[in-house]
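[1] no FASTA, just this:
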DNA sequence: TGACAGCACGAACGGTCGTGCTATTTTGAG
DNA sequence: CTCAAAATAGCACGACCGTTCGTGCTGTCA
């Protein structure tokens, strides 16, 4: 890896931490330059525009999520174990990976009314994951773990609703029982899917 | 109502719309002055600081929510009808009241890692509503609508998770079936609570 | 040795930010 | 109608914003 891409990656990693806390809007070139110990202009040259920086950050977050959550889960046995792995890893990822929790949660609320490339990129990653969950549920039907008339789209909707609420209750309301509540809700969802 | 408070209320109303779209961080004195047709300084004098402006906006949003959702729901018959009214009105409020949808959703993700009075005020309103839902569920138990061993805290958690996911799927992902999905999830929740 | 990218730097640009002052206008009570 | 008080405007400030520009290193290749 050349010096350039190395530096760029370091910048993006730092940007991910900042964005997970304050949102993508609070990502300022100046602040990012300060924390990385670079000059504003030197940092800026790597991206060409703030919009490009934001896009790079979002794509990097998506890659991380695929590496840490999706890919390992797909190695689990087909059916319910895989579905469960997707859930567990999603929750763990949000607790551990970034100081501000799940960056997609922050970005979702921030960009939902702000059309543009950043929003488009985010929506794409979210739809991709939604489909991943649906596919895993479909396979669980084939394997006989879930009942045949299960509405997999509805399953994915409720899957997302639980992970969202986990973030909301744990991060915002500061409730320490959020993981247990989410776990219980997910178990009930699995139960209903049998 | 004196001229002053009248103007102030108009400012806050405008601020609510702006904040529901771009978040509380994007609420700038200058932009707000422009849309209300006032001077920056004249507008500023009503609040004294930006933090006070933000707090006023959050409190105003909370009042609106109580007026439009909580209060009318409490006039519904005790038990399941009241619980259902809380749900229906919460969803309708988010669709209709503000251009950016539910402002608490936006603020929740924005402030979850930013300690301060604004966050505190927001958390308070959310906890209040959570308790309102729990109390309504408790009453539904007394009325014999819900089963006696229902975990009302868990019920409130899943209640919030559905409304959150409704916003996420509808606003961000742009899915038109979000209301139907949320409705279906809520009906399933009620079913399990019987 | 000389030419040439790649990379980072400091300085500066026009704007907007929040926030102070001091006037000026508007309001409402006597 | 008067006059103090309240409300608003005008102006200026320092700080930070994203961006552009010219420049200087440093290592590679001819």
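    Okay, I see it. Predicted model, so just to flag it, every value in this text is computed and none were measured. Numbering: from 1, shown residues only, chains lettered A, B, ... in the order given.
[2] Mind telling me what element residue A:62 is part of?
    Under the criterion of DSSP states H and E, residue A:62 resides in helix A:50-65.
[3] Show the pLDDT at the residue in chain A positioned nearest to DNA strand D.
    Here the residue of chain A nearest DNA strand D is residue A:30; by C-beta to the nearest atom of the strand that distance is 2.4 Å. For glycine as for every other residue, the C-beta is placed from the backbone atoms N, C-alpha and C. With respect to pLDDT, residue A:30 has a value of 93.
[4] Okay, it and residue B:114: tell me how far apart.
    Spatial separation of residue A:30 from residue B:114 under the definition C-beta to C-beta, to the nearest Å is 19 Å.
[5] Which residues does the helix holding residue A:62 contact?
    Helix A:50-65 has contacts (C-beta atoms under 8 Å, 6 or more residues apart in numbering or on different chains) with A:12-13, A:15-16, A:19, A:24, A:27, A:29, A:47, A:93, A:97, A:103-104, A:107, A:116-118, A:121-122, A:125, A:128-129.
[6] And for stretch A:163-172?
    Residues from elsewhere that reach stretch A:163-172 (C-beta under 8 Å, 6+ apart): A:87, A:90-91, A:94-95, A:101-102, A:105, A:175-179, A:181-182, A:185, B:108-109, B:111-113, B:122-123, B:126, B:157-158, B:160-161, B:164-165, B:168.
[7] and residue A:156, what does it touch?
    So, once contact is read as C-beta under 8 Å, 6+ apart, residue A:156 ends up touching A:130, A:131, A:133, A:134, A:137.
[8] Now it: which helix or strand?
    With DSSP H and E as the test, residue A:156 turns up in helix A:152-167.
[9] Distance from that helix to the middle of the chain?
    Helix A:152-167 has its average C-alpha position 13 Å from the chain's average C-alpha position, going by C-alpha atoms, centre = their mean, to the nearest Å.
[10] Neighbour count: residue A:30 and residue B:114, which is higher?
    Between residue A:30 and residue B:114, counted using other C-beta atoms under 10 Å in any protein chain shown, residue B:114 has the larger neighbour count: 15 against 9.
[11] Just say helix, strand or coil for the residue nearest the centre of chain A.
    Averaging the C-alpha coordinates of chain A gives a centre point, and the residue nearest to it by C-alpha atoms, centre = their mean is residue A:104 (4.6 Å). Under DSSP: H, G, I helix; E, B strand; the rest coil, the three-state class of residue A:104 is helix.
[12] Who are the contact partners of it?
    Contacts were defined as C-beta under 8 Å, 6+ apart; by that measure residue A:104 touches A:61, A:65, A:122, A:125, A:126.
[13] got it, and residue A:12?
    Residue A:12 is in contact with A:56, A:57, A:60, counting by C-beta under 8 Å, 6+ apart.
[14] count of neighbours near the last one?
    Around residue A:60 sit 17 other residues, with neighbours defined as other C-beta under 10 Å.
[15] swap in the first one?
    Using other C-beta under 10 Å, residue A:56 has 19 neighbouring residues.
[16] Would you mind measuring from it to residue A:7?
    Here the distance between residue A:56 and residue A:7 works out to 13 Å (C-beta to C-beta).
[17] now do the last one
    Note on residue A:60: its distance to residue A:7, by C-beta to C-beta, is 14 Å.
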